[in-house]
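Undergrad: My questions are about this predicted structure, shown below with the sequence.
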Amino acid sequence: MANISATILTFNEEKRIKACIDSLRGIADEIIVVDSFSTDRTVEICIEQGCAVTKRRMAGYGAQRQYATSLTSYPYVLSVDADEVISPALRASILKVKKEGFTHRGYCFARLNFYCGVPVKHCGWYPDLQVRLFDKRYANWNLHDVDERVIFHDDITPCRLDGDILHYRCDTPEEFQATEAKHAGFMARLIMADGRKISAIDPYIEGMKSFAKCFIMQKGMLDGIQGRDISMRRYHSALAAWKAARIKQQNNPQPKEKQK
């Protein structure tokens, strides 16, 4: 039977972390937790549950996931977040692969996202395929601050497993707003790095584009009140990111080229 290392990123997840760990029982032969200096009981709970815990300040999701991967003992790594739970169907799929032996270097599966306890099937939130089980000898995380993903050294098509990973994004709209605000800060850095000149109107245009993409193109309208709320938060998140990037750009103007 093959061994699997599981990694979990945490920050103030005392309400959710035990459910996450419990869903990994029998799947993971070790659980590595990288905590971003939680101020609640997250670390204490992880230690009580037999996890190996390391503290590291968050500098971006991609870098944090790669660091967690570097701490694992076994070639195959299952990466989950503290607010995620392996569903019974996905658990059966992973256990089957674990028992029979790995035949692929990477495996993907759908992620079912919940908004305030309600499963969301549109808004770009489903099937939301994730490569989360992979052979670290042939892959690594791309180190992006947000929208991080596993990249393989060779041209590899991950094998899709049946079942979903259940992602409980938030219990309240305010919690989702706080998460999106944090993501907006990471996005502002990426926008700045792109070097595009940002006008006063650009943040509003980008905000409307994000809303339209989520509500219309990704059919968020079919998710009712939840779809509307998620789409509006996408608007405000994009608006905040582009406004922050514009302010930084104004405070750090590029030197003008000398005229010949």
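TA: That came through fine.
Undergrad: how much space between the residue nearest to residue 198 when sequence neighbours are not counted and residue 233?
TA: Distances taken as Cβ to Cβ, 6 or more residues apart in numbering place residue 246 nearest to residue 198, at 4.2 Å, with adjacent residues excluded. Every C-beta, even on glycine, is put in place using the N, C-alpha and C of the backbone. Using Cβ to Cβ, to the nearest Å, residue 246 is found at 20 Å from residue 233.
Undergrad: related to what we said a few turns ago, quick one, phi/psi of the residue nearest to residue 198?
TA: Phi and psi for residue 246, reported as degrees, to the nearest 10, are phi -70, psi -40.
Undergrad: Tell me who's in contact with it.
TA: Counting by Cβ atoms under 8 Å, 6 or more residues apart in numbering, residue 246 makes contact with 198-200, 202-203.
Undergrad: Repeat that for residue 56.
TA: The neighbourhood of residue 56, defined by Cβ under 8 Å, 6+ apart, consists of 34-36, 64, 67.
Undergrad: One more: residue 188?
TA: Contacts of residue 188 by Cβ under 8 Å, 6+ apart are 240-242, 244-245, 248.
Undergrad: try it again with 6 Å
TA: Going by Cβ atoms under 6 Å, 6 or more residues apart in numbering, residue 188 touches 241, 244-245.
Undergrad: In helices, which of the residues you listed appear?
TA: Using DSSP state H, the subset of these located in helices is 241, 244-245.
Undergrad: which secondary structure elements does the longest strand belonging to the chain contact?
TA: Scanning the chain for the longest strand, with DSSP state E as the assignment, gives strand 159-170. With contacts defined as 3 or more Cβ pairs under 6 Å, 6 or more residues apart in numbering; DSSP states H and E, strand 159-170 has these neighbours: strand 84-86, helix 88-100, strand 106-115.
Undergrad: Please identify the buried residues of it?
TA: For strand 159-170, a neighbour-count test (16 or more other Cβ atoms under 10 Å) marks 159, 161, 163-170 as buried.
Undergrad: One more: stretch 106-118?
TA: So for stretch 106-118, counting by 16+ other Cβ under 10 Å, buried means 106-116.
Undergrad: and the angle for the helix or strand where residue 181 lies with strand 159-170?
TA: Take DSSP states H and E as the rule and residue 181 turns out to sit in helix 173-194. When axes from the mean of the first three to the mean of the last three Cα atoms, to 10 degrees is applied, the directions of helix 173-194 and strand 159-170 differ by 120 degrees.
Undergrad: Please export the C-alpha coordinates of the helix or strand that comes right after helix 173-194 as CSV.
TA: Following helix 173-194 in sequence order, the next helix or strand is helix 202-212 (DSSP H and E). Extracted in CSV, the C-alpha atoms of helix 202-212 (Å, rounded to 0.1, in the frame of the first residue of the first chain):
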residue,chain,number,x,y,z
ASP,A,202,-9.8,51.4,-14.5
PRO,A,203,-10.7,50.1,-11.0
TYR,A,204,-14.4,50.6,-11.7
ILE,A,205,-14.2,49.0,-15.2
GLU,A,206,-12.3,46.0,-13.8
GLY,A,207,-14.8,45.7,-11.0
MET,A,208,-17.8,45.7,-13.4
LYS,A,209,-15.9,43.1,-15.5
SER,A,210,-15.5,40.9,-12.5
PHE,A,211,-19.2,41.2,-11.6
ALA,A,212,-20.3,40.5,-15.2
